[in-house]
Every structure is written in C-alpha cells, then in structure tokens.
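Chemist: I'll drop the sequence and a predicted model, then ask my questions.
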Amino acid sequence: MPVMFKFVQKVKERFSGHKLKPYYDKLGEIRRMDVSSWSDEQLQSKSKQLQDQALSGVSLDELIVPAFAVACGAASRTLGLKPYDVQILAGLALHDGQLVEMQTGEGKTLAAVLPAYLNALQGNGVHVLTFNDYLAERDASWMGPIYRYLGLSVGAATAGMSVQDKQQAYAADVTYVTAKEAGFDYLRDAIRMDASEVVLRPFHYTIVDEADSLLIDEARVPLVIAGAMPSSGNDGMRMAEFAVKLRQGEHYDFDEHQRNVYLTDAGVAKAEAELNCDNLYDSSNATLLTSLNCALHAEALVKRDVDYIIRDGKLELIDPFTGRIAENRHWPDGLQAAVEAKEGLQSKTSGKILGTITLQHLLSLYPKISGMTATAQVSADEFKDIYELNVVTIPPNKPCVRVDHPSLLFTDKGAKHRALVKEIASVHETGRPILIGTSSVEESDSLAAALAAASVPCNVLNAKNDAEEAAIIAKSGQLGAVTVSTNMAGRGVDIRLGGGDPKQAEEVAKLGGLYVIGTHMNESLRIDNQLRGRAGRQGDPGASRFYVSLEDELIVRYGTEKAIPPSYRQLKQDEPLAESSLHKGLDHIQRIVMGQNFDIRRELNRYSDMVEEQRRILYGERMAILRGEIPLGAAEKRARLFYIDKAWADHLAYVSYIREAIHLESLANRNPIDEFHVRIIHAFEQLPDRIDKDTEKFLAKLDKTKDEYDWERLGLQGPASTWTYIMNDQHIQKQINVFG
C-alpha cells in the first residue's frame, strides 16, 4: 500500500475511532442488560412488547438497548452465535445510517441482523441488499431462525420467482434480495396494469452489503426493462466491415488515455467516400455517424476475452470489477450491435426500452440507508460527497497479522509472467495455499496453462455460477490449493484456513496462512485491498504481494510517459526493479486514475439525474392512477396507463439517441451537458399534452355502452413479452471523459 495512502488512512481511522465513542457507551448498556438467564417466553414476550412500542410511535432510538440485547440472546439460542462486541458496534453504526468498514471474516452477516431486527419492528419492511441471489437465499436461511424466534418474518426475493412468491418475500419484515433484483422488480411494478400485481411495498430502510461495489463500482449501472418490438434493421454488418479497413494512425487515433477513439481527417474522408455521404458531420448523417463511432469503438477498444467472451454463439460481457461473466448484461444498443456484428453474430438484443433506473437512484428511494464493506476508507470522500454517508471503521475482533509485502515491479510482461509462475510453483511445493487475482479471463487462462506446464494444478474461477464459485473459493484455503481468480470472484464467502478443518488449519497457519498474489495493479487502491483482504481473516496469518510490469495496461494507458523515465521503457530484464522512484510513480498513476474515475462518475450524474427526476414525476402520477387515487373510469384508467408508458418509452428512446452523440456538440464549441438538458427538458414538457390527446382520442372512439373491453383488440395491450437486463455504460463514460 502506498505510503501516503497509509498515512491518510491512519488519520481517517483515528478520526473514525472518535465516532465510535457513543457506540461504545451503548455497547456497555447492552452488555449490562444480560438476558442469558431469561426464559424463551420472557425473550419472546419482550420482543412482542418492543414491536408494540415501535408500532405505537416510540422512537427506535429509545428501543436500541433492549432490542439489541434481545436479538443477541436470540442469536445465541437459535444459532449458537454470540455476537462479538465489534459486531454490536457495527450494528449500532448501521442503525445510525453509517457506512461501516468491517474486515473480511468479522461477521457482517450477523452484525446486520441487529439493526435489521430493530428497524423491522415498525412493520414497514427492511431490505438487506446482497451481492448475488446465492447469498440472498443463504443469508435469509441462515439468519432466519433469529427473526422467527423473535416473532418476525423473513424472506428472500430472487430472480425467476412468481409474482405471488415475490409479494410474499417483500411482505416479510426482513427481505434479503440483490439490489439488481429489487431494481428490476421496481421497474416491473412501474408498468403493471393491475395494482394487485405490484410486488414491492414503499421502501423503508436498507442495509447494503458489499456497499463499495454497489455504491461506487456499479452505482451508475442502468437497470433496464425492455419489450419486444420488430427489428430496427440495423446496418451493423456494413459498418463493422468498414471499420476493419481503417488503420490506426492514418484513419483513426486514440485520446491520451485510450479511453476513446476518433477519426482523423483521412478517416473522415474515407468514410464520406465509401459510405456515400457528402458531409459526415451534417445533422442528416447523425444516425450514420453514431453507428460508425460504435463500430470503430467495437473494433479498436473492445477486446474479446477481456471485455467479453463468445459462448454457445452468444456474446457475454465480463464484469470489469469481478472478472466474472455479467449475466443478462448488455452494452447500449448501438455498441452491443456493433460488437455482435464484429463477431458475425445475429443481434438478439433489440427491443424497446420501457423503463430504466440506475442503482444509485434506486438506493436514493430508501428514506434510510446504511452499508457495510471491508474496503471503504479509501473512498470515504466519495461516499460523503455523493451519498452523505460517513465511514466508520470497526476495529477487528482479533488484530490483523497479515503481511502485505511491497509490490514487485518488472520491466515487461514476460518477465513478470515468468516470475509469477516460479513463485507460485515454489510456494506450492510447501503446501501453502495460494489465491491469485488476475485482470481478465484471457490472463487467467494463460496463467493456468503455464502453471499446468510447470506441474502445478489449479482451480480457475471466471465464469461459473455463484454457488459453485462459493464452494470452490471456500476451499481455497486448503493445503496445496492453488486458485486462479479473475479479480474478486467469490465475494461474500470467507476463506477459512484448511477449508474449515481445524487440524489442517493448524498446518496451513504454520506455513504462513493463505498467500494472496495480485498479477496487476487495479485502477483503485480499494480494489487492491479487496484482494488483499481475502487473507488474514479473524487474526489468521497470511500474506499478499502484487506483481506489476511497465507493460501492464494501466501503466501504459495512464502514466508511462510521465511517471516512468525513458531509460526504463526499453529495458528488458528478469529481475524486478528496485528503484523507489518507480514505485512512487506507480502510486501517482493510481491516484490520478482514482481521481479521474471519481470525476467521471460525478459527471455522469449530471446526465442521468435530470432523466431520473423526470421519471419520478411521471412515475408518481402513474402510481396514483394505478392505485385509484385519481378518480377515473376503467377505460380512462387503462388508456392513461398505456399512453403514459408509451410516451415514457418514446422519451427514453429519444434520450438514448441524444446521449449517444451529444459529445459531438463540443466540436461546435457547445457544452454537451447543457445541450443535453435543454433538449430533454423540452421533450419532456411535451409529454403531458401528448398523453392527454392520445387518451382523449382513444376514449372518443370507444363504445360507451360496454362494461368490459378487449384491450388487445383495441390496441391497449402491453408488450407480448418483456425482459430485464443491465446496461454496461462504460462506452458512455469514455465519451464523457473526453468530450464532456
């Protein structure tokens, strides 16, 4: 870890320690209320009393001490788990609406039960947002006995459940669900035609697990619900064939950090000649230019086995933060179609977007939010700036004794790769378990092949289902285990020394514990720390080390020219470079990239916040109509709901069209964000009148003598089928960074 970051982090942690003082005072009160001698009837009666008090309007803050004491007693009796002091401290901070940093293996799952139980007493429901469906089901099942013992209900909402099962899950006092599934259910509810099919209650309180991932890494990810529609006749193949003909340096080039690609004058001339358009930048060629930009981006910047894989004739995106296949995720339609065309695949993603919401905007719908993660302090400023969440660092139950070795820096990838294989093979001979975090599917496969050639067997995690990943990652602490993982596969699962076998754990501990190796430096120190944190849980021994080369993509893209002296750029040697100035240069690069990404996320907010504000206005009116809060007849109700949905879908299509090319406004010395706002505000202002006119026109044609209508025959039937997916907006991020 960079020295400056260590210093800043220590200052923040010391300040965070002051924040813990009131929680320590409450902890003392909770411990003094010893319920161990109480009977089951006494504990359960007390829980009922607390629930009655909360429902009658007594402040939850007045109920903290008895509620936490009762919940601790219930955990001990039902699961044999007696919460540690640090878990109670974490629970108190979570109830207080804080972002809790709690190290891996410290028991976040149990800590969350305490504030979840307290806040569920009000009867409005609590959502514990997990990282995947597997963890939602696991945690609901695991912690369920505590809630039920105390008279509360618990449920898990997962993908693929029926409307009735979802309603039951969300009706529970505490619901475990992924943020994405909760978001998809919110979008589905937003296009219901019958109030009896709505599955969600109004949001109340949420505890976000793996909060750094959801609140930062994936905060801008738009969740999308789409409906079937005829093919748009995209000429992606034509553009893909043209993009292949273009040569870097002559027809196109990259910006400074290779975030975006642009046509040179020669490239523009070639396009105008071969695509038969007089002026490529004329407004009449806007659609053509957008398609060409997408095709060029797909050809020059989107890489197979790094950004996506092809499996069973289908393009599947790779999550850049976990390294796993991002199920059900698409790029924006233009880029998605361009990459599919590049690979000669038939596009299967066309459909009209009916609704969309980012995870950040979804989470802002909760009146009260808190979160927990093992890596928060590095991004404390961003949590405060965007979410007004303060980071509170909870001390470990046992001191961390993991040894974080300085990174090894090599001149080239080949030298780094050889050193990696040599180190892994050498350590493997001792029986010490090793976890290796790679940057891509391509790299993990390459490293696995090299290890096999060196007679080192390994497990590779990069595209399996969550349950299988969890089982494999949990065993990666066994003697002799070598696990190659793309980034952070296996989130939410502790790696126990010896795989949970006490005798084997002792042997592994004598060997130094789990050895974590990173094969690259990530764009954020927080992501590096996530990998390091897989070792050294609960006071276990462990170690970590990162292997970096001057040819790694991050260094080449962002800092070779400024941070690395010219004399080292052509140097080839097997030994690592020891110069401290070079390591300081790498730290500088990482800080710059972290700052840039923060700026990009903040800039993206300026694009999406206005659209979200518009959505909430229309959504509020729609829900009032759906619930019958606005007196209308059945026919008018159906018509208004239908035409609101149609108008909003058309508006989203217009917004998407504008956003794809808005960065080009900078070429005319206009501010893209200002232009974007002007256009979408003007378009939105026209929607109410359009909805009214379409509704009135329909009602005028209606036979008023009928009591029931065939909505499909009358043209007011919704889409025959809908599906949800996650839009990967990195393409848009890159454009904004360059032209915003």
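Modeler: Okay, I see it.
Chemist: drop to CA atoms for contacts and neighbour counts, all remaining ones
Modeler: Noted.
Chemist: for Pro396, grab phi and psi.
Modeler: phi -70, psi 150 (degrees, to the nearest 10).
Chemist: give the contact list for the nearest residue to Gln51 once chain neighbours are set aside.
Modeler: Closest residue to Gln51 apart from its sequence neighbours, by CA to CA, 6 or more residues apart in numbering: Leu121 at 4.9 Å. By CA atoms under 8 Å, 6 or more residues apart in numbering, Leu121 lies in contact with 50-51, 54-55, 173.
Chemist: okay, now the domains of the protein?
Modeler: Domain ranges of the chain: 3-225+359-393, 236-350, 403-578, 594-723+733-739, per automatic domain parsing.
Chemist: let's have those in CSV, adding mean pLDDT and distance to His588.
Modeler: Listed next are the domains of the chain as CSV, based on pLDDT from 0 to 100; distance: least, CA to CA, whole Å:
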stretch, mean pLDDT, distance to His588
domain 3-225+359-393, 92, 10
domain 236-350, 82, 15
domain 403-578, 87, 8
domain 594-723+733-739, 84, 10
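Chemist: distance to Gly585 added to these, as JSON lines?
Modeler: Shown next, in JSON lines, are these (distance: least, CA to CA, whole Å):
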{"stretch": "domain 3-225+359-393", "distance to Gly585": "12"}
{"stretch": "domain 236-350", "distance to Gly585": "16"}
{"stretch": "domain 403-578", "distance to Gly585": "5"}
{"stretch": "domain 594-723+733-739", "distance to Gly585": "14"}
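Chemist: where along the stretch 251-400 of the chain do the strands fall?
Modeler: Applying DSSP state E, counting those that start in this stretch to the stretch 251-400 of the chain gives strands spanning 252-254, 261-263, 308-311, 314-317, 329-330, 352-358, 368-373, 391-393.
Chemist: now do the stretch 451-600 of the chain
Modeler: 459-461, 482-486, 514-518, 542-549.
Chemist: what is the shortest one packed up against?
Modeler: Under the contact definition 3 or more CA pairs under 8 Å, 6 or more residues apart in numbering; DSSP states H and E, strand 459-461 sits against helix 441-453, strand 482-486.
Chemist: out of the ones you listed, indicate the one that is most buried.
Modeler: Across the helices and strands packed on strand 459-461, averaging neighbours per residue (mean count of other CA atoms under 10 Å) puts strand 482-486 on top, at a mean of 27.
Chemist: what strands line up against it, and which way round?
Modeler: strand 434-438 (parallel), strand 459-461 (parallel) (DSSP bridges).
Chemist: next, Ile495: phi, psi?
Modeler: Backbone torsions of Ile495, given as degrees, to the nearest 10, read phi -100, psi 110.
Chemist: count the neighbours of it for me.
Modeler: 25 (other CA atoms under 10 Å).
Chemist: also Ala700?
Modeler: 9.
Chemist: what about it, which SS state?
Modeler: At Ala700 the chain is in helix, as set by DSSP: H, G, I helix; E, B strand; the rest coil.
Chemist: how far away is it from Ile691?
Modeler: Ala700 is 14 Å from Ile691, where distance means CA to CA, to the nearest Å.
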